[in-house]
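# For reference, the sequence and a predicted model appear below.
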Amino acid sequence: MSDSNQIQSACTPSKRAPTHRYRAALAARIEARWQATWEAEKAFAALNPGDEGFDASTPPFYCLDMFPYPSGAGLHVGHPIGYIGSDIICRFRRMQGDNVLHPMGWDAFGLPAEQYAIMTGVHPRETTQKAINNFRRQLQRFGFSYDWSREFATIDEDFYQWTQWIWLQAWSSWYDHRVERARPITELAAALERGEATVDKQGHLTWETGEPNIWNDLSDAAKSTVLDNHRLAYLGEQIVNWCPKLGTVLANEEVINGRSERGDHPVTRRPLCQWLFRITAFADRLLDGLKNLDWPESTLIQQTSWIGRSEGADLRFAINDFGGTLDVFTTRPDTIFGVTFMVVAPEHPLVESVLKSPTNGCDTDAIRAYVDTTRNRSDVERMADSKDKTGVSLGVTVTHPATGEPLPVWVADYVLMGYGHGAIMAVPGHDARDQAFAQRFGLSTNTVVSPPSGVDDPCWSGDGIAINSSSDALNIEGMTTAEAKAAVIHWAELGAHGCGRTSWRIRDWLFSRQRYWGEPFPIVHGPDGVHYPVSSEHLPVSLPDIDDYEPAENEDPTPLLGKVTAWINTTAGEAGVDPALLAPDTPVRREANTMPGWAGSCWYFIRYCDPHNKDAFVGADAEKYWLADGVDLYIGGAEHAVLHLLYARFWHMMLHDLGHLTSDEPFRRLFHQGLITSFAYQREDKSLVPVDEVDEDASTELATGEPVNRIIAKMSKSLRNVVNPDEIIAEFGADTFRLYEMYMGPLDASKPWNTRDITGSFRFLQRTWRLVVDEQDGSLLVREQPDEDVERLLHRTICKVGADIDKLAFNTAIAAMIEFVNAATQAGGLTADQLDRFSRILCPFAPHIAEELRSLLELDGLCALAAWPDYDDAMLHDDTIEIPLQVKGKVRGRITVAADADEATVTAAALSEPSIVDLLGGDEPRKVIVIPGKIVNIIP
RNA sequence: GGGCCCGUGGCGGAAUUGGCAGACGCAGCGGCCUUAAAAGCCGCAGCUCCAUAGGAGCGUGUGGGUUCGAGUCCCACCGGGCCCA
């Protein structure tokens, strides 16, 4: 600033912007001051049972944000929207007297830091720590009421030792389907020892008594194999998604259209021995548990379809000439009379048999050619072009079990080997894909289900009445779909043609990765091929340092940790195996795989309850207090609808069964915040133009003058429409930022960011400030006597804001506060008492300015810890109300009546209102509809 | 291909869940203040038409239906988004 300006300012103070106007610099001072105060006074530290000052009568409220993965790029304005919402709820509940647990931490293992390490050689721990520090700094500028004393990262050793411990719990357990819960594996061993359970030569477990029990004849290694086959964490051969480029296997969920979700590299399928979780054992409970959750409907639907329970039947068709049977799974056994052909997947063993010993009329060349071309197509491609079906006849037939008719067998790639038995019975009358196939190859169609009346669908796939459905062996004619299903299953079971079966889409969860930056498994491979756990007092198994992060890019999956031979090859004693299990000098090999990024997020919310506990993953008292009914409110993105939320539920159920947790569901209420999108500009040919190359007012491209259309897109670097919250806070302050994001629209809707709109929220705070503060000297300006209308409106605003916060409808709560401030400005100000109450309802939204206003009032204590103000019901309603009068649904006049006027009074008043009298022209109305307190509709 | 959600002024959105469509904010226009500008304050503001005040008609993606009354419920279609294949 130049000298002359200063002189002029000093001489003519009225020309100068007032020194105590609410602007960015003042907001920054206010925000720094109160953030420091909150920290110094530990205002948001949640008290645990046993802590000094803990009051058991205070209701607990656990509000959780999905913790972020701290990326090197820092926060953009989309990140905080959920955190602002949860902070408002937390501050509100705190003011209502709850003991609020509102923690924050870091999901810090994962691929990006490791890939950065591959490029730069910088240890992922270093990169991650830097990113964490930056995220923390950015988040703290918002004034969130987190209890930072509970902060941790999943890479901290005293956190991941318990992640490893929980994995060992799973490894040490099995699922008892008789009682539907997980139990310690030692109890299974004991039952086998006592002969309560028996095991046959194939290793199958039964609880039928009287079976010959071979358990006690087994070698120790064989016993251990039997137990291993029942553990909830087990080593199994599975077809995996192998990504040579990333040097790791990926979960199905991490593969999108045959490419890796991260990095978009090709993924192929191959069998591999991997650590798995037996999540399928919990499938029924994971499904049933959804019924009691207060979750968004769309997420419940997604989890339901992911688990994918389908009731149906396995049916058996005798293969002619070859012998043996072709087994299929179908959800519609009632359509058995509609089967006109069979289809097997190209990988089906029958195809190989046919090629080995072809029958007459079998074109082996065509079959081989077809199988070869389909082999390279992904499941996605195979399912996608449903319109253009391909396939080849196998030249064999099967016998229809109910009619005895021969049915041709085809091979086609729309049938997948991975689902059911890799074979289907085709019912072209009632399945769209089968119909398309039948039409393509001229196969016949039987209609066997009559749709409900009014439906005219040549390929009805819904329920109906069975028609054309009888033979000497089976008659289901006239039955409903449900009856027919039951009848066919009953018939099939009696005649050994099949049995009823529930099939699941969910598969066991692949839980090992060949990457470096993850939790090591706390288990070693003994010389006898048996696994030995690292005993819990030797946890964590620390991740060793390595020099070279580059994965071996080859066809043979090798874990990165396999390179650290000195760490891999050790002794039982060195690794921490219980000497009672294995002599300390026994050479052992450590497990070289690491856990996937999901591991820490499966239980981090449990650790927040008791983050510094050295003896347990959570203390029993803290767990019972905070998690008796799960997390009260969980806010996070809908992109985690299936994976994270399903995995966390699985761990929670397992730990519950084993007696470590009170509740069996982790998250009672779930809320998904919407995405913050951005405006982007599109040329006529739909190509996108970066925002900084566009004249936004004229809607033209700067370089060419060509017109562009404004569209809504995700924020992205390439469009240069990413907004950094640091800049917005510097320009307007954190309170304005918080208000703006909450005022944009409903929290669960996706909404476009528009920097221009922020000024509205900023001006609201300026008006609020000016309403009660002298902009020249900063002193408080309040009136002595309250304005009657303002007082009435204040009661309504308190009521509305409180109700809206409960509904997470922050946008309308803020609109109500703006209306209040505008009305109070017009009415000439507030009393000190009114300002006190208003600052308290403003506090959850704009906590810093609220504290500042409270301190100007010289009231004791922090606004953040003050009680939520009361309102008087009597002040919410007026004595008289105006009611619109409609004639045939159009408003034609209004009357003012007492709020509690009865129907007759309102009718009389309405019919004597001049404009209504006019319109009726002396005739009696045919009908008068009075909705008390709302509207009158007159039908002439 | 399937599932779920959503289409309201120039823009973001509101609407007590079937009862006055467009709250509140942005942008816009007019006025006050100012030498001027910014800021601020006061006011106008869905569209079309007639018009001096004022009035009439049309309006929540399109078409139909239910209802005294539909942005809201039902059916079909069009468009967009998300998720899953």
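Nice, I can see it. On a predicted model such as this, the values are computed, not experimentally measured, just so you know. Numbers count the residues shown, from 1 in each chain, chains lettered A, B, ... in the order given.

# Tell me the confidence at A:Ser386?
pLDDT recorded at A:Ser386 is 48.

# what sits against the residue of chain A found nearest RNA strand B?
In chain A, no residue comes nearer to RNA strand B than A:Gly760, which is 2.1 Å away by CB to the nearest atom of the strand. Where C-beta positions appear, they are placed from N, C-alpha and C, glycine not excepted. For A:Gly760, the contact set (CB atoms under 8 Å, 6 or more residues apart in numbering) comprises A:Tyr740, A:Tyr743.

# can you give me how far the helix or strand where it lies is from the chain middle?
According to DSSP states H and E, A:Gly760 maps onto helix A:758-772. Counting by CA atoms, centre = their mean, to the nearest Å, helix A:758-772 is centred 36 Å from the centre of its parent chain.

# after it comes which helix or strand?
That would be, after helix A:758-772 and using DSSP H and E, helix A:788-806.

# residues making contact with that next one?
A:88-89, A:92, A:810, A:812-813, A:816-817, A:819-820, A:823-824, A:827, A:830, A:834, A:837-838, A:841, A:844, A:868-872, A:875-876.

# Quick check: ChimeraX command selecting the buried ones in the residues you listed.
Buried residues within these, by 16 or more other CB atoms under 10 Å, are selected in ChimeraX with:
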select /A:88,89,92,810,813,816,817,820,823,824,827,830,834,837,838,841,844,868,869,871
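
# which ones among the contacts of helix A:788-806 come in contact with RNA strand B?
Near RNA strand B, judged by CB under 7 Å from any atom of the strand, the entries from these are A:Thr812, A:Glu819.

# how about the helices in the stretch 451-600 of chain A?
For the stretch 451-600 of chain A, helices defined by DSSP state H, counting those that start in this stretch occupy the ranges A:481-494, A:565-568, A:572-575, A:598-601.

# Nearest to A:Asp228 among those helices would be which one?
Taking CB to CB, helix A:572-575 is the member of the helices of the stretch 451-600 of chain A nearest to A:Asp228, at 18.3 Å.

# Against which helices or strands is that closest one packed?
strand A:587-590 (3 or more CB pairs under 8 Å, 6 or more residues apart in numbering; DSSP states H and E).

# quick one: buried residues of the strand it packs on?
Under the neighbour-count criterion of 16+ other CB under 10 Å, strand A:587-590 has A:Val588, A:Arg590 buried.

# Tell me which strands it pairs with, and in which orientation.
Strand A:587-590 pairs in its sheet with strand A:523-525 (antiparallel), strand A:569-571 (antiparallel), by DSSP bridges.

# so of those strands, which one's packed in deepest?
Most buried of the strands paired with strand A:587-590, by mean neighbour count (mean count of other CB atoms under 10 Å): strand A:523-525, with a mean of 22.

# count of residues packed around A:Ser912?
For A:Ser912, the count of nearby residues is 10 (other CB atoms under 10 Å).

# Phi and psi next, for it.
Main-chain dihedrals, A:Ser912, degrees, to the nearest 10: phi -100, psi 0.

# Grab the nearest non-local neighbour of A:Thr480.
Here the nearest residue to A:Thr480 in space, its sequence neighbours aside, is A:Ile465; by CB to CB, 6 or more residues apart in numbering that works out to 6.3 Å.

# Quick check: the one you found touching A:Gly478?
Yes - between A:Ile465 and A:Gly478 there is a contact at 6.3 Å, judged by CB atoms under 8 Å.

# More neighbours: these two, which one.
Ranked by neighbour count (other CB under 10 Å), A:Ile465 and A:Gly478 place A:Ile465 first, with 18 against 13.

# OK, contacts around the more buried one?
Counting by CB under 8 Å, 6+ apart, A:Ile465 touches A:Val449, A:Ser450, A:Gly478, A:Met479, A:Thr480, A:Thr481.

# and the closest residue to the first one other than its chain neighbours, what is it in contact with?
Using CB to CB, 6+ apart and skipping the chain neighbours, the partner closest in space to A:Val449 is A:Gly464 (4.3 Å). Contacts for A:Gly464 were tallied using CB under 8 Å, 6+ apart; they are A:Val449, A:Ser450, A:Pro451, A:Pro452, A:Thr480, A:Thr481.

# try A:Arg767
A:Arg767 makes contacts with A:Val821, A:Asn822, A:Thr825, as judged by CB under 8 Å, 6+ apart.

# okay if I get the residues you listed as JSON lines plus secondary structure, pLDDT and neighbour count?
Output for those, formatted as JSON lines (DSSP: H, G, I helix; E, B strand; the rest coil; pLDDT from 0 to 100; neighbours: other CB atoms under 10 Å):
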{"residue": "A:Val821", "secondary structure": "helix", "pLDDT": "94", "neighbour count": "21"}
{"residue": "A:Asn822", "secondary structure": "helix", "pLDDT": "93", "neighbour count": "13"}
{"residue": "A:Thr825", "secondary structure": "helix", "pLDDT": "91", "neighbour count": "15"}
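
# any chance you could map the strands in the stretch 651-800 of chain A?
With DSSP state E, counting those that start in this stretch, the ranges of strands along the stretch 651-800 of chain A come out as A:670-672, A:676-682, A:688-689, A:694-695, A:700-701, A:709-714, A:751-753.

# Which of these sits closest to A:Ala113?
Closest to A:Ala113 of the strands of the stretch 651-800 of chain A is strand A:709-714 (CB to CB; 23.1 Å).

# How about the closest one and RNA strand B, any contact?
Yes - Strand A:709-714 reaches RNA strand B (CB under 7 Å from any atom of the strand) through A:Lys714.

# can you give me the angle that strand makes with strand A:676-682?
140 degrees (axes from the mean of the first three to the mean of the last three CA atoms, to 10 degrees).

# what's the offset of strand A:709-714 from the middle of its chain?
Mean-position distance between strand A:709-714 and its chain equals 26 Å (CA atoms, centre = their mean).

# For it, buried residues please.
Across strand A:709-714, burial judged by 16+ other CB under 10 Å covers A:Ala713.

# Neighbouring strands of that strand in the sheet, and parallel or not?
Strand A:709-714 has the following sheet partners, assigned by DSSP bridges: strand A:676-682 (antiparallel).

# picking that back up, which members of the contacts of A:Gly464 are classed as buried?
A:Val449, A:Pro451, A:Thr481.

# Throw the residues you listed into TSV and include pLDDT and distance to RNA strand B, thanks.
Converted to TSV, the buried ones among the contacts of A:Gly464 look like this (pLDDT from 0 to 100; distance: CB to the nearest atom of the strand, whole Å):
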residue	pLDDT	distance to RNA strand B
A:Val449	85	18
A:Pro451	75	14
A:Thr481	85	17
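
# Export those residues as CSV, with columns for distance to A:Ala622.
Shown next, in CSV, are the buried ones among the contacts of A:Gly464 (distance: CB to CB, whole Å):
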residue, distance to A:Ala622
A:Val449, 57
A:Pro451, 58
A:Thr481, 52
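
# which one of these is nearest A:Ile929?
Ranked by distance to A:Ile929 (CB to CB), the buried ones among the contacts of A:Gly464 are led by A:Pro451 at 40.9 Å.

# Once you drop chain neighbours, what's closest to the closest one?
Of all residues not flanking A:Pro451 in the chain, A:Trp460 sits nearest, at 4.2 Å (CB to CB, 6+ apart).

# who's in contact with that neighbour?
Counting by CB under 8 Å, 6+ apart, A:Trp460 touches A:His430, A:Val449, A:Pro451.

# between the residues you listed, which is closest to A:Leu101?
Within the contacts of A:Trp460, the smallest distance to A:Leu101 is 53.2 Å, found for A:His430 (CB to CB).

# okay, now the residue lying closest to A:Gly121 once chain neighbours are set aside: neighbour count?
Nearest non-adjacent residue to A:Gly121, counting by CB to CB, 6+ apart: A:Tyr549, 7.5 Å away. By other CB under 10 Å, the residues close to A:Tyr549 number 23.
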